[in-house]
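J.: for reference, the sequence and a predicted model appear below.
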Amino acid sequence: MAVNVTTRDIVNFPGGTAKTVTVDVIQAVPKGSSEGDELWLMSTTTTATASGGGSIANIFKNEMLRGFYRSSGIITGPFTIVAPTKIKVAIDEAIGSGVDITITPGTNLPGADLAQDLENLIQAQGVIGGGGSKVGNLSYLNAQVRFTNGKLQIESGTLSNTFTGTNRSSVVLAAPDSGTNAFITLGFNLGASSETLAGRQLAETSMASNYGSGNIISVASTVNMAAGDAIQVKSATQSQLVIISGAGTGDGLSAGEIRFVTSSGADSNLNFLPQSGDLVRKYHNLDAENPSSPVDTMDELYRFGIDSIVNQIDYSV
């Protein structure tokens, strides 16, 4: 059944004409001829027009993955922003194609206020006739920024079935081309993106021989392990985290050797004696987290479709 939603821009055009957005699950389509599973297809439409009288394309979605970049939560605010503090944002594209966002200065800004400012600034890049560098680009025009549990989260304006690859939904942040970098101020320097989390490669191997002493262990494989990585060496009863300082032939070792330093930063011995077959596993930043999409219910998908259409409607006519 279709859901008709009446919308208005009560801030900029409080006396303007109401516009209707229609959301509907219009069909279920077979997923393969043998399994018999079904997929839904959501349609979001409107007869309202965009700026200049242009029509607004229908939105059809059966994916729910929405890319994001989330701050670490170490810095929770209030935030003080001085001019010209900026951050470079790229949505659904490589960072080289991104745009510098100049954050509005302020003192002791609540996280929710800062999130709203960032959202307005990013969306402004896609507004038709707004002078931004991403005019008409829905990835920017429909982007959202939330402040939840002490963390800022910038979300892509599109949905996809993947967080990685060519057709991904993603958000990438970097230092601006000019001005003061807002990374540390906003806590993004230790943050994480859906693209990074989804692209993590599991790297597990095993001890190839019994360990006796020293700062080198022999393992079955050093694939995806490199200097700077943290690894856990684990037996049935004991474990220890160490940092790789060299792995494989490129670091002057044999193909199956890993050289390490302990948490003190010194070349040293392990604090126990792992045996052949014991686990060696690489740790990742935010290792325990999965890139869970901000859109994970049909209600949120409906809201996404409505927001995407509303951001394009010209309420002045």
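T.: Good, I have the coordinates. Model, not experiment: these values are computed from the prediction.

J.: pLDDT weak spots in this protein?
T.: For the chain, applying pLDDT under 70 flags the ranges 1, 26-39, 201, 264-265, 284-290.

J.: just confirm Thr46 contacts Asp314, I think it does.
T.: No: contact criterion C-beta atoms under 8 Å: Thr46 and Asp314 do not qualify, at 11.1 Å. C-beta coordinates here come from the backbone N, C-alpha and C atoms, glycine included.

J.: looking at these two, which is more packed in?
T.: The neighbour comparison of Thr46 against Asp314 (other C-beta atoms under 10 Å) goes to Thr46, with 23 against 19.

J.: who's in contact with the more buried one?
T.: Residues near Thr46 by C-beta atoms under 8 Å, 6 or more residues apart in numbering: 19-22, 56, 309, 313.

J.: do Thr85 as well
T.: Taking C-beta under 8 Å, 6+ apart as the test, what Thr85 contacts is 102-103, 105, 179-182, 185.

J.: in helices, which of the contacts of Thr46 fall?
T.: Ile309 (DSSP state H).

J.: sorry, back to before: out of the contacts of Thr85, who has the most neighbours?
T.: Neighbour max across the contacts of Thr85 (other C-beta under 10 Å) = Ala182, 25 neighbours.

J.: name whatever forms a beta bridge with the closest residue to that one other than its chain neighbours.
T.: Of all residues not flanking Ala182 in the chain, Ile87 sits nearest, at 4.3 Å (C-beta to C-beta, 6 or more residues apart in numbering). Note on Ile87: beta-bridge partners by DSSP bridges are Ile101.

J.: I figured Ile87 hits Ser178, correct?
T.: No: contact criterion C-beta under 8 Å: Ile87 and Ser178 do not qualify, at 11.9 Å.

J.: which one of those two has more residues nearby?
T.: The residue with more neighbours, out of Ile87 and Ser178, is Ile87; 27 against 10, by other C-beta under 10 Å.

J.: how near is Leu197 to Ile184?
T.: According to C-beta to C-beta, to the nearest Å, Leu197 and Ile184 sit 21 Å apart.

J.: typed the wrong thing, it's Val242
T.: 28 Å.
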